[in-house]
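Undergrad: Give me coordinates for this.
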Amino acid sequence: MSDGLLKVGVFVGREWSFPPAFIDEVNRRTSETGVMAEYAKVGGTQMNEPLQYRVIVDRISHEVPYYRSMLKNAALQGTQVINDPFMWTADDKFFGASLLSKMGIPHPRTVVLPNKEYVPGIVHEESLRNLIYPIDWEGIVDYLGGFPLVLKDAHGGGWKSVHIVHDMTDLFEKYNDSGLLTMILQEYIHWDNYGRCMGLGQQHVHVMKYTPRPVYGNNYLPEHDFPDDLVERMVDYTLRLNRAFGYDMNAVEFAIKDGVPYAIDFMNPAPDMDMNSLGRVHFDWMVQTMAEVAIRYALDPAAQTRARYQWGKLAQALDGGG
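TA: Prediction:
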């Protein structure tokens with residue numbers, strides 16, 4: 001590393017508040033940690049190209065495909081990538097729902113639906129012979145407990161392509177407009193309170209009271225009023241969920257009904273960290289804690305994304321165990 005410092009690289013998009021604050025916080029501690037942070041610069045990555053960064057914090061590769069490919073190579077070289085680009089590529093809300101069900105974490109009943117439309121070359125009568133037709137819509141709605149229901153993209157985020165549907169006509173209208181998206185249909189939780197938990201480094205959880213879109217607008221309250229036992233459950237569920245998915249930076253939303261926190265949105269690996277929406281108290285916790293996590297990983301040679309995979313163990317052996 002240049003000047004003997006360990007480097008943390010940051011990949012960002014248009015967000016303006018978190019990235020510079022995070023970089024400043026890491027660099028404020030450089031004299032005592034030997035770790036510094038900067039905006040990563042890449043272009044035309046060669047195969048098996050070594051990286052100068054011990055840690056990379058990824059906030060944008062879900063929208064820039066080249067970054068995703070480059071970050072997988074970074075993981076191969078032994079860089080700790082936050083978040084794991086392999087899991088992020090593979091995750092979807094239906095698999096997550098099934099996993100949470102097995103883990104005993106409360107979650108709305110969920111059904112994944114056949115696509116409405118397909119890529120060119122798919123001939124319905126020949127290419128889709130495994131599909132049952134017509135779909136048993138009434139059976140699906142009965143399984144989910146009846147209307148209203150939530151229809152949303154299994155791979156989406158940021159409240160895109162999310163619909164509350166109130167009857168069959170409404171469901172068919174929204175489903176018919178879904179195009180190539182893979183949609184899931186979910187039980188609607190008639191919640192009486194709502195929490196959003198930020199999990200960082202698979203060790204730290206920050207609990208916030210939140211009023212979700214599209215109900216009231218994007219609004220984090222400065223303090224929450226949750227009882228201690230509810231906070232403990234949300235923290236436990238967030239830690240277990242993030243460890244299961246291998247996420248070091250992820251927000252989990254809980255719709256709370258009769259004291260039970262239902263994890264209704266739990267795959268936010270580029271979560272909102274904007275000061276304007278979070279407010280100063282929450283924002284400062286994100287910046288300081290993410291800096292602590294990145295520094296800890298930079299100083300820990302064992303902290304590597306690749307250690308989770310068989311190819312990663314092979315790469316470690318070929319690198320001499322590093």
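
Undergrad: contacting residues for the nearest residue to N83 once chain neighbours are set aside?
TA: The spatially closest residue to N83, leaving aside those adjacent along the chain, is P269, at 4.2 Å (CB to CB, 6 or more residues apart in numbering). (C-beta placed from N, C-alpha, C; glycine too.) For P269, the contact set (CB atoms under 8 Å, 6 or more residues apart in numbering) comprises H62, N83, W88, D91, Y247, M249, N250.

Undergrad: tell me the phi and psi of P269?
TA: Backbone torsions for P269, taken as degrees, to the nearest 10, come to phi -80, psi 0.

Undergrad: same check, this time on L149
TA: As for L149, its main-chain torsions (degrees, to the nearest 10) stand at phi -130, psi 160.

Undergrad: how deep is it tucked in, by neighbour count?
TA: L149: 23 surrounding residues under other CB atoms under 10 Å.

Undergrad: can you check F266 too?
TA: As a burial measure, F266 scores 26 neighbours (other CB under 10 Å).

Undergrad: Next one: it, what pLDDT does it get?
TA: On pLDDT, F266 comes in at 92.

Undergrad: Hmm, G96 and it touching each other?
TA: Yes. Shown here, F266 and G96 form a contact pair, counting by CB atoms under 8 Å, at 6.1 Å.

Undergrad: Within its sheet, name the partner strands of the helix or strand harbouring K7 and how each one runs.
TA: Following DSSP states H and E, one finds K7 within strand 6-11. According to DSSP bridges, strand 6-11 has the following sheet partners: strand 35-39 (parallel), strand 55-58 (parallel).

Undergrad: Where does pLDDT dip in the chain?
TA: Counting by pLDDT under 70, the chain shows low-confidence ranges at 1-2, 213-218, 321-322.

Undergrad: 50 - rerun?
TA: Residue ranges of the chain with pLDDT under 50: 1.

Undergrad: so who does N73 touch?
TA: N73 neighbours (CB under 8 Å, 6+ apart): T45, M47, N48, E49, L51.

Undergrad: which of the residues you listed count as buried?
TA: Neighbour counting with 16 or more other CB atoms under 10 Å marks L51 as buried within these.

Undergrad: Include secondary structure and distance to A298 when you put the contacts of N73 into JSON lines, please.
TA: Compiled in JSON lines, the contacts of N73 are given as follows (DSSP: H, G, I helix; E, B strand; the rest coil; distance: CB to CB, whole Å):
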{"residue": "T45", "secondary structure": "coil", "distance to A298": "21"}
{"residue": "M47", "secondary structure": "coil", "distance to A298": "25"}
{"residue": "N48", "secondary structure": "coil", "distance to A298": "22"}
{"residue": "E49", "secondary structure": "coil", "distance to A298": "20"}
{"residue": "L51", "secondary structure": "coil", "distance to A298": "13"}
